[in-house]
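**Q** I would like the atomic coordinates for the input below:
(2 chains)
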Amino acid sequence: AQSVTQLGSHVSVSEGALVLLRCNYSSSVPPYLFWYVQYPNQGLQLLLKYTTGATLVKGINGFEAEFKKSETSFHLTKPSAHMSDAAEYFCAVSEDYNTDKLIFGTGTRLQVFP
Amino acid sequence: SAVISQKPSRDICQRGTSLTIQCQVDSQVTMMFWYRQQPGQSLTLIATANQGSEATYESGFVIDKFPISRPNLTFSTLTVSNMSPEDSSIYLCSVAQGATGGNEQYFGPGTRLTVT
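**A** Model prediction:
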């Protein structure tokens, strides 16, 4: 059965610092992996996804993530945090190729301090 | 991309009553999903709704409690029946477009339900 673990329910960084949000998954088949962001009182928005091909995936707002099969990880990074990055970030996995069903991690709340 | 609207955006309901949440998409889609997001928590999939077939419920969710309709390719409803305070959550619908496999989901803004 697939599952997603996000280490750290809260992450705090200073503006301009590196952002690293961790995501590990378990899956019995090659998974599709996603990062979504949820700004306060808003719906979810896709940041980036990995399906096949290049393991380093670039997304919106300067975020990127690298799929590491050997580590079953899909960590999200951004070189320089901005105040507007403060939000809840969710990692999700899909291994149901017939329905696109997603299983979400517990989320990481990112705080950015000036 | 798909634009999704939900009605109502929020509601406060008495325990024992039912609420029907509507989800409207601006394009035809095959797969629609309903999620629950309890306060401060992640999203939990309630069910997958395909047009023309019965919804498929996840473990822990049953049709009697969360009946779903999917009358066409742009619309779905989720009813939260016989509500209790534990049903207080944000309910979100989402859709996936394209041939299945690796498609992103587009989410509606959510319906914030409070049960008193």
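
**Q** so what's the backbone phi/psi at residue A:50?
**A** Residue A:50 adopts backbone torsions of phi -120, psi 130, taken as degrees, to the nearest 10.

**Q** What count of nearby residues applies to residue A:23?
**A** Residue A:23 has 24 neighbours, counted by other C-beta atoms under 10 Å in any protein chain shown. C-beta coordinates here come from the backbone N, C-alpha and C atoms, glycine included.

**Q** Neighbours of the residue lying closest to it once chain neighbours are set aside, how many?
**A** Closest residue to residue A:23 apart from its sequence neighbours, by C-beta to C-beta, 6 or more residues apart in numbering or on different chains: residue A:91 at 3.5 Å. Counted with other C-beta under 10 Å, residues neighbouring residue A:91 total 29.

**Q** Pull up the gap between the residue positioned nearest the centre of chain A and residue A:57, please.
**A** Residue closest to the average C-alpha location in chain A (C-alpha atoms, centre = their mean): residue A:35, at 3.4 Å. Residue A:35 is 9 Å from residue A:57, where distance means C-beta to C-beta, to the nearest Å.

**Q** how about low-confidence regions in chain B?
**A** B:98-101 (pLDDT under 70).

**Q** coming back round to it: next one, pLDDT for the residue nearest to residue A:23 please.
**A** You'll see residue A:91 listed with a pLDDT of 96.

**Q** Would you mind naming the residues that bridge with it?
**A** Beta-bridge partners recorded for residue A:91 (DSSP bridges): residue A:35.

**Q** and the spatially closest residue to residue B:38 that is not a sequence neighbour, what is it in contact with?
**A** Among residues not flanking residue B:38 along the chain, residue B:89 sits closest, at 4.8 Å (C-beta to C-beta, 6+ apart). By C-beta atoms under 8 Å, 6 or more residues apart in numbering or on different chains, the contact set of residue B:89 is B:36, B:37, B:38, B:39, B:113.
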